[in-house]
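Engineer: Compute the structure for the input listed below.
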Amino acid sequence: MVKAIWNGAVIAQSDDTVVVEGNHYFPRSAVRAEYLAPSDTRTTCGWKGVASYHSLIVDGATNRDAAWFYPEPLAAAARIKDRIAFWKGVEVG
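Structural biologist: Residues are numbered from 1 along each chain as shown. Okay, the predicted model is just below:
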C-alpha cells in the first residue's frame, strides 16, 4: 500500500498508483478530498499537458500547490487521467 503523508495526516493511500517520472499518481478516489483546496496555479508539460494544482490543508497548516493533476492529459500521458501526485514535503512511499 502506497501512502502520501503530510503534517501527520494520510492524504492518500492505494495499491493502484501509476509511477511517472518517479512520482506516484494516486486514483482521485484514493485521495482524502477534505485535505485539498483548489489552486489557480497551472503549469505545462510538453508531453503530459496542462497541470492543475491543489494546496493541502491539515490542522490549520497549508502546503501551497503540493498536489497536482492533469485534468485532460495528452495522449502520451492518458494513464494519469483522474490521478493526483504530490511533492513539497509530502512523504510518499
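
Engineer: Low-confidence regions, this protein specifically.
Structural biologist: When the per-residue scores of the chain are filtered using pLDDT under 70, no range remains.

Engineer: which residues of it fall in strands?
Structural biologist: In the chain, the strands defined using DSSP state E lie at 2-6, 9-14, 18-20, 23-27, 36-45, 49-58, 61-69, 83-86, 91-92.

Engineer: Buried deepest among the ones you listed, which one?
Structural biologist: Among the strands of the chain, strand 83-86 has the highest mean neighbour count (mean count of other CB atoms under 10 Å), at a mean of 24. Glycine gets a C-beta too; all of them are placed from N, C-alpha and C.

Engineer: Report the contact partners of residue 39.
Structural biologist: Contacts here follow CB atoms under 8 Å, 6 or more residues apart in numbering; on that basis residue 39 touches 52, 53, 54, 55, 64, 65.

Engineer: In JSON lines, list those along with distance to residue 9.
Structural biologist: Compiled in JSON lines, the contacts of residue 39 are given as follows (distance: CB to CB, whole Å):
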{"residue": "52", "distance to residue 9": "22"}
{"residue": "53", "distance to residue 9": "18"}
{"residue": "54", "distance to residue 9": "14"}
{"residue": "55", "distance to residue 9": "14"}
{"residue": "64", "distance to residue 9": "16"}
{"residue": "65", "distance to residue 9": "17"}
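
Engineer: from those, which single one is nearest residue 4?
Structural biologist: Among the contacts of residue 39, residue 54 lies closest to residue 4 (CB to CB), at 11.9 Å.

Engineer: What about residue 88? Give its phi and psi, please.
Structural biologist: Reported as degrees, to the nearest 10, the phi and psi values for residue 88 are phi 60, psi 50.
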